[in-house]
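Colleague: Here you go, sequence then predicted model.
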Amino acid sequence: MLIGPTLSGMARIRFAGFGDIDAPIGTSILEAALKLGAPEGSACGGVCACSTCHVYVTKGADLLSEQEDDEADILDKAFDVRAGSRLGCQAIVRKEGEIEVEISLESIETYENEHPQERGKYVPYAKLRGSAERRAH
Ligand code: FES
């Protein structure tokens, strides 16, 4: 599916189920999620010391910064790691284009724990999404 034209110097990031945002080059996936209001957790505050900002990049991975060794080390400890797994705080937009991201259940659960007033708002959706994916495979 086409997301639409992107602005110069920007990538358009679609957070599956939560909307789109134009993110300037140099923005991290986590920063874009927070600006959009998408429920991505960040227990360590974005310093590559946890895996709670874990996302799956499903389109446009080549528009993002390369994965460094310290990110790979943290992802080794993450839950449900897949081919497109990245830490949202370490994946930085480097080129214009269209990026699609799915926020992991682990990250959404962390977000709700960090925002108790929103508890129960996103996790049921993420669990339903996971069930649908398991049925499809
Ligand atoms: S927020 Fe902790 S590693 Fe990204």
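Modeller: Okay, I see it.
Colleague: CA only for contacts and neighbour counts going forward, please
Modeller: Noted.
Colleague: Just the pLDDT for Leu7.
Modeller: At Leu7, the pLDDT value in this model is 66.
Colleague: residues touching the residue nearest the centre of the chain, list them.
Modeller: The chain has Val55 as the residue nearest its centroid, 3.7 Å off, counting by CA atoms, centre = their mean. Neighbouring residues of Val55 by CA atoms under 8 Å, 6 or more residues apart in numbering: 84-88, 101-104, 107.
Colleague: Could you check how far it is from the ligand?
Modeller: Counting by CA to the nearest ligand atom, to the nearest Å, the separation of Val55 from the ligand is 10 Å.
Colleague: so that residue sits in a strand?
Modeller: Yes: under DSSP: H, G, I helix; E, B strand; the rest coil, Val55 sits within a strand.
Colleague: The ligand contacts on this protein?
Modeller: For the chain, the residues in contact with the ligand (CA under 6 Å from any ligand atom) are 42-53, 87-89.
Colleague: do you know how far Gln117 is from the ligand?
Modeller: 20 Å.
Colleague: How many residues are close by that residue?
Modeller: 9 (other CA atoms under 10 Å).
Colleague: Could you do Ser51 as well?
Modeller: When neighbours are defined as other CA under 10 Å, Ser51 has 27 of them.
Colleague: Can you give me the buried ones in the helix or strand of the chain with the lowest mean pLDDT?
Modeller: Lowest on mean pLDDT, DSSP states H and E among the helices and strands of the chain sits helix 123-136, with a mean of 78. Buried positions in helix 123-136, judged by neighbour count with 16 or more other CA atoms under 10 Å: 123, 126.
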